[in-house]
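Novice: Can you look at this prediction? I've put the sequence above it.
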Amino acid sequence: VNNLFGVGSSSMMSRSLGKKDYETVYRSAAFGFYCSIFAGLLFSIAYTVFQVPLLNLLGATEETLGATIGYARWTVTFGAVPAILNVVLAYLVRAEGAAMHASIGTMSGCFLNILLDPIFILPWGLNMGAEGAGLATFLSNCVACLYFFVLLYVKRGRTYVCVNPKMFSFKRHIVVGVCAVGIPASIQNLLNVTGMSVLNNFTSAFGSNAVAAMGIAQKINSVTVQIALGLSQGIMPLISYNYASGNIKRMKKTFFFTARIALVFLVLMEIAYYAGARTWVGLFMQDQQIVDYGARFLQGFCLGMPFLAIDFLAVGVFQACGLGKNAFLFAILRKVVLEIPALFILNALFPLYGLAYAQFAAELVLAIAATVLAFIFIVPAKRRDQMGKFGKFLHDTCNFRYLIIEKILQALYIFATALTILIGFFMLFCSDWSGWMGGKGILLMILGPIGVRVTYELLMMAVLAVKNIISINNKLRNQNGDAAAPDIFSPDMSNLKDA
């Protein structure tokens, strides 16, 4: 929910600011604000109604159910709205360039939570246990929300973050613009949690020490992950604003400047983590086996740091430009297509230790994909003829001038035809329980290629239908100009291509 209305609304706000469409800015902010409240209330009510069966489904036992209910009473039943709202408000404030206030609001809640936890949890304080931790989190989120409300009041008349209920509406272009970016962002976050659960399930098969070591390595690695994520989110308002205003030159400078900083910093962190892995893990645990496990895990995780920076920056640019389809594609590629299958494969080849290298394998492939997509967006169509054969192939493939599946089907057709004839030929010299197989071989050599050809042509008809649909949509968009209905996942990239 945070990403759905936070990332979606902030991207819509920044792009509208670049176009100087201030009404859309106000309506986008109000839409994100009130939808996050409604979603928080809905989530809170749903949890409260189905509390016990839901917690049992998630693994709560008789021993832990009471403590879990006490914690969730404050964090979900009472705390769902402030937990969601303070994050969404930070996104909205950041969308107009007030990154410092967004950081102060978020960090104030975090620091207060750290201070209140021991007071509410430990025996020398209020001795509330797990429920005290939930109460501390609830109060911290409320304070963070209060900071943003005070900020908006102080800046009233000078801020584009609008919480006026009169500006809240379900206008189609607002809903589509927010959801086109927000839904892929929320799915990406959900897939991250899923990937983490799969990793922990694999690790649990090797004992508690392996689980503890994996947790420590993940915590250490998360420092650099959050830095890379922060850089990618930090440039989103600048990218959105400059993209929408047509200042593509400044947009590119912003991207490449951030990329250089991120890559240099993360390469240095990679060296520090890899060389001092045992020292880093030893700061958290002194058990020798856990340190051994954790050092190997951390060395595997840190190899993917530079590629992670490229991937996060690419996703940030896609979200900033409203390219929800590309951001969603990256989310599916990262977890479903690459990382989760890599966990199965690497764990089978290198039990336990292979798990730490799944992220590196996924991020490496994604970094290549990000570079290709950046190449396509940055290189304009009018310069295509100046490229070499491979450059033209890459450009045409990613712009869907032809579909790769055409070439694949052609290759499969030739292979299947040759294989059918070859099998039929060998059958002339074979026999089975029914006698000589030559007759079947002759039929196979005659009818086999015909069947393969019919199958190939049917598949090619489907491919041609898809190509015609793409061509017709492009022609309609060019004929209608701005009046054409926009693709909710792929905004017009002509400004960027022509720059």
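Specialist: Cool, the structure landed. Residues are numbered from 1 along each chain as shown.

Novice: and Leu422, how many neighbours?
Specialist: Leu422 has 12 neighbours, counted by other C-beta atoms under 10 Å. To be clear about C-beta, it is placed using only N, CA and C from the backbone, and glycine gets the same treatment.

Novice: Helix or strand for it, just tell me which one.
Specialist: helix 404-427 (DSSP states H and E).

Novice: Just the buried positions in that helix, please.
Specialist: Neighbour counts over helix 404-427 (16 or more other C-beta atoms under 10 Å) mark Leu409, Tyr413, Ala416, Thr417, Thr420, Ile421, Gly424, Met427 as buried.

Novice: Let me have those residues in JSON lines, extended by distance to Glu131 and pLDDT.
Specialist: Compiled in JSON lines, those are given as follows (distance: C-beta to C-beta, whole Å; pLDDT from 0 to 100):
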{"residue": "Leu409", "distance to Glu131": "62", "pLDDT": "81"}
{"residue": "Tyr413", "distance to Glu131": "67", "pLDDT": "84"}
{"residue": "Ala416", "distance to Glu131": "66", "pLDDT": "85"}
{"residue": "Thr417", "distance to Glu131": "71", "pLDDT": "86"}
{"residue": "Thr420", "distance to Glu131": "71", "pLDDT": "85"}
{"residue": "Ile421", "distance to Glu131": "75", "pLDDT": "84"}
{"residue": "Gly424", "distance to Glu131": "76", "pLDDT": "81"}
{"residue": "Met427", "distance to Glu131": "76", "pLDDT": "78"}
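
Novice: Quick check: the farthest pair among these?
Specialist: Using C-beta to C-beta, these reach their maximum pairwise distance at Leu409 and Met427, which is 26.5 Å.

Novice: mind showing which ranges of the chain have poor pLDDT?
Specialist: Residue ranges of the chain with pLDDT under 70: 372-388, 390-404, 431-436, 470-471, 473-499.

Novice: Nearest residue to the middle of it?
Specialist: When C-alpha atoms, centre = their mean is applied to the chain, the residue found nearest the centroid is Gln188 (3.4 Å).

Novice: mind listing what that one touches?
Specialist: Applying C-beta atoms under 8 Å, 6 or more residues apart in numbering to Gln188 gives the contacts Asn3, Val315, Ala327, Phe328, Phe330, Ala331, Arg334.

Novice: give me that answer again for 10 Å
Specialist: Asn3, Val7, Val315, Gln319, Ala327, Phe328, Phe330, Ala331, Ile332, Arg334, Lys335 (C-beta atoms under 10 Å, 6 or more residues apart in numbering).

Novice: Can you tell me which of these are buried?
Specialist: Asn3, Val7, Val315, Gln319, Ala327, Phe328, Phe330, Ala331, Arg334, Lys335.

Novice: quick one: which of those residues is nearest to Ile84?
Specialist: Asn3 (10.3 Å).

Novice: List the contacts of Tyr353.
Specialist: Per C-beta under 10 Å, 6+ apart, neighbours of Tyr353: Phe206, Ala210, Tyr293, Arg296, Phe297, Gln299, Gly300, Leu346, Asn347.

Novice: Apply 8 Å and report the result again.
Specialist: Per C-beta under 8 Å, 6+ apart, neighbours of Tyr353: Arg296, Phe297, Gly300.

Novice: among those, who's most crowded?
Specialist: Using other C-beta under 10 Å as the neighbour test, the contacts of Tyr353 are led by Phe297, with 27 neighbours.

Novice: Where does that one fall, secondary structure wise?
Specialist: Going by DSSP H and E, Phe297 is in helix 288-302.

Novice: ok, residues contacting that helix?
Specialist: 209-210, 212-214, 216-218, 220-221, 224, 269-270, 273-274, 277-278, 280-282, 284-285, 352-353, 355-357, 359-360.

Novice: try 6 Å this time
Specialist: Contacting residues not belonging to helix 288-302 are listed as 209-210, 212-214, 216-217, 220-221, 270, 273-274, 277-278, 281-282, 353, 356-357 [C-beta atoms under 6 Å, 6 or more residues apart in numbering].

Novice: buried sites along it?
Specialist: Buried residues in helix 288-302, counted by 16+ other C-beta under 10 Å: Ile290, Val291, Tyr293, Gly294, Ala295, Arg296, Phe297, Leu298, Gln299, Gly300, Phe301, Cys302.

Novice: Check stretch 357-372 too.
Specialist: 357-367, 369-370.
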